[in-house]
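S.K.: No letters, just coordinates:
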């Protein structure tokens, strides 16, 4: 049937009739399988025998090249692209021919007989449009030579592909002369040969039979089950695609999140290991680590190192309280304007102990800096005298009269000191004398008004 169609359309498309450019109708299915009908002005045939057959740079596009055009007794040069027009053959070895037409949508079309749906009796006369101007064939030839945009492939076929490119503002007025499909009827079409009409009739009957068969097939149980499974597969595929996108997004976010908590944990473990508190390989706690694990405070390792120091063995309860007060004085500030007004100074014994602890504190700070651990190691001598005075039995009124602290800061300092003293008797690895003195000091200090604080 395609052979009959090609044989019937060739003479109508290749030869002009009464000096006219024939109107034709092109038919194809777009990318969404929708039928498209375009009326166009047939300009002429491409002489594929003179075409060198360059391969296209892309599958669906081609860039400008020159080729010969025949039609209406005019030989003109048209700019096309690197498309191989040779090698396509129809049934029974009849090669298709390529033609160029200007559509009613102001687009240029390159096609074969495969895409022609109808040829109409009417057309555009090849005459002088304005006295003194060249004929219409010469004018449209020049418009075609000005085509320099990429051509897009609209449809594929073994009988030749269908290509399209946009027209220009100059061809817009020409496209207005192409009638719309709605204004044309079957009576305007050129009657084909009996063989072609018969083949078209058979084709329509076969198409109708196929359509009926498809409808019956869709009503069968197997097809409905197949369609259901296909729909389910499509839904699952879309769901999988969404989950993959979500997974990739989450993975990206996880990769961007810096595991600071784990990093700090590893760094703290290195400090404990070098301070002889923990064996990171066996997770075994040494005596220093056992003490640190039971104590409560801002820096448990530092508190354990200070409380386990041998310099605390000879201290009296009030002196031990003064040392413990210097370990928990973080955030305690002297009253503004009285930075040097505190009167109560620690005893010389306490000063000596604080000096020893300062050296140990410096070594721990150096170790923490080495492993990028930022945890404070509190040790402040300036408040030790006030704690020692309170632990020695001085009343609240007496200590507040000569103190450079607000009553709230002083109460908080004494409460913290009592808390650390109360923990010492419960800690492992602490000398018994230190535990007894800590218990005595805590009992002495926990009196009114400090004992009334919650």
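M.R.: Cool, the structure landed. Small disclaimer: the values here were computed from a predicted structure and weren't measured.
S.K.: check contacts around residue 434.
M.R.: 307, 312-313, 315, 320, 424 (Cβ atoms under 8 Å, 6 or more residues apart in numbering). From N, CA and C alone the C-beta is placed, and that goes for glycine too.
S.K.: I meant to write residue 234 there.
M.R.: Per Cβ under 8 Å, 6+ apart, neighbours of residue 234: none.
S.K.: And the average pLDDT for the lengthiest strand in the chain is what?
M.R.: Using DSSP state E to define each element, the chain has its longest strand at strand 35-46. Mean per-residue pLDDT for strand 35-46: 87.
S.K.: What strands line up against that strand, and which way round?
M.R.: Strand pairing for strand 35-46, using DSSP bridges, gives strand 20-29 (antiparallel), strand 64-71 (antiparallel), strand 98-103 (antiparallel).
S.K.: Report the two of the contacts of residue 434 separated the most.
M.R.: Largest separation among the contacts of residue 434 by Cβ to Cβ: 313 and 424, giving 12.9 Å.
S.K.: Can you pick out the residue with more neighbours from these two?
M.R.: The neighbour comparison of residue 313 against residue 424 (other Cβ atoms under 10 Å) goes to residue 424, with 24 against 11.
S.K.: quick revisit: can you add distance to residue 264, secondary structure and pLDDT and give the contacts of residue 434 back as CSV?
M.R.: Below are the contacts of residue 434 laid out as CSV (distance: Cβ to Cβ, whole Å; DSSP: H, G, I helix; E, B strand; the rest coil; pLDDT from 0 to 100):
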residue, distance to residue 264, secondary structure, pLDDT
307, 25, helix, 93
312, 30, helix, 92
313, 35, coil, 90
315, 35, coil, 93
320, 33, helix, 94
424, 28, helix, 94
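S.K.: nearest to residue 162, of the residues you listed?
M.R.: Closest approach between these and residue 162, by Cβ to Cβ: residue 307, at 92.0 Å.
S.K.: With residue 297 as the reference, measure out to the closest one.
M.R.: Applying Cβ to Cβ, to the nearest Å, the value for residue 307 to residue 297 is 10 Å.
S.K.: Likewise for residue 442?
M.R.: Residue 442 is 16 Å from residue 297, where distance means Cβ to Cβ.
S.K.: who's more crowded, those two?
M.R.: Between residue 442 and residue 297, residue 442 has the larger neighbour count (other Cβ under 10 Å), namely 23 against 18.
S.K.: For that one, which non-adjacent residue is spatially closest?
M.R.: The shortest distance from residue 442 to any non-neighbouring residue, by Cβ to Cβ, 6 or more residues apart in numbering, is to residue 421 (3.9 Å).
S.K.: Mind giving me the packing neighbours of the helix or strand harbouring the one you found?
M.R.: Element membership for residue 421, per DSSP states H and E: helix 407-423. Packing partners of helix 407-423 (3 or more Cβ pairs under 8 Å, 6 or more residues apart in numbering; DSSP states H and E): helix 317-327, helix 384-391, helix 396-401, helix 432-445.
S.K.: Nearest to residue 375 among those would be which one?
M.R.: helix 317-327 (13.7 Å).
S.K.: packing partners for that closest one?
M.R.: Helices and strands touching helix 317-327, by 3+ Cβ pairs under 8 Å, 6+ apart, are helix 300-307, helix 348-370, helix 384-391, helix 407-423, helix 432-445.
S.K.: Highest mean neighbour count out of those helices?
M.R.: Stretch with highest mean neighbour count among those: helix 384-391 (a mean of 26; mean count of other Cβ atoms under 10 Å).
S.K.: Can you tell me what sits against that helix?
M.R.: With Cβ under 8 Å, 6+ apart, helix 384-391 has contacts from 317-319, 321-326, 342-347, 350, 354, 399, 403, 405, 410, 413-414, 417, 441, 444-445.
S.K.: returning to what we had before: rank the strands paired with strand 35-46 by pLDDT, which is bottom?
M.R.: When the strands paired with strand 35-46 are compared by mean pLDDT, strand 64-71 comes last with a mean of 40.
S.K.: and the residue nearest to residue 416 when sequence neighbours are not counted, what are its phi and psi?
M.R.: Spatial nearest neighbour of residue 416, excluding adjacent residues (Cβ to Cβ, 6+ apart): residue 328 at 4.0 Å. Note on residue 328: its backbone torsions stand at phi -130, psi 30 [degrees, to the nearest 10].
S.K.: contacting residues for residue 328?
M.R.: Neighbouring residues of residue 328 by Cβ under 8 Å, 6+ apart: 297, 378, 413, 416-417, 419-420.
S.K.: want to throw those residues into TSV with pLDDT?
M.R.: Output for the contacts of residue 328, formatted as TSV (pLDDT from 0 to 100):
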residue	pLDDT
297	87
378	89
413	91
416	93
417	94
419	94
420	94
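S.K.: Output the helices and strands packed on helix 407-423 in JSON lines, with distance to residue 452 appended to each entry.
M.R.: Output for the helices and strands packed on helix 407-423, formatted as JSON lines (distance: least, Cβ to Cβ, whole Å):
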{"stretch": "helix 317-327", "distance to residue 452": "19"}
{"stretch": "helix 384-391", "distance to residue 452": "15"}
{"stretch": "helix 396-401", "distance to residue 452": "11"}
{"stretch": "helix 432-445", "distance to residue 452": "13"}
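S.K.: tell me, which of those is the model least confident about?
M.R.: Here the lowest mean pLDDT among these goes to helix 396-401, at a mean of 86.
S.K.: Now do that helix: everything it contacts.
M.R.: Here helix 396-401 makes contact (Cβ under 8 Å, 6+ apart) with 344, 386, 389-390, 407, 410, 448-449.
S.K.: if we go to 10 Å?
M.R.: 343-344, 386-387, 389-390, 394-395, 403, 405-407, 410-411, 414, 447-450 (Cβ atoms under 10 Å, 6 or more residues apart in numbering).
S.K.: low-scoring pLDDT stretches of this structure, where are they?
M.R.: Along the chain, segments meeting pLDDT under 70 span 1-2, 4, 15-19, 47-94, 127-133, 255-260, 336-343, 454.
S.K.: what's the following helix or strand after the helix ranked longest in it?
M.R.: Longest helix in the chain by number of residues, with DSSP state H as the criterion: helix 221-256. Next helix or strand after helix 221-256 toward the C-terminus (DSSP H and E): helix 260-274.
S.K.: And residue 104, its phi and psi?
M.R.: Note on residue 104: its backbone torsions stand at phi -70, psi -20 [degrees, to the nearest 10].
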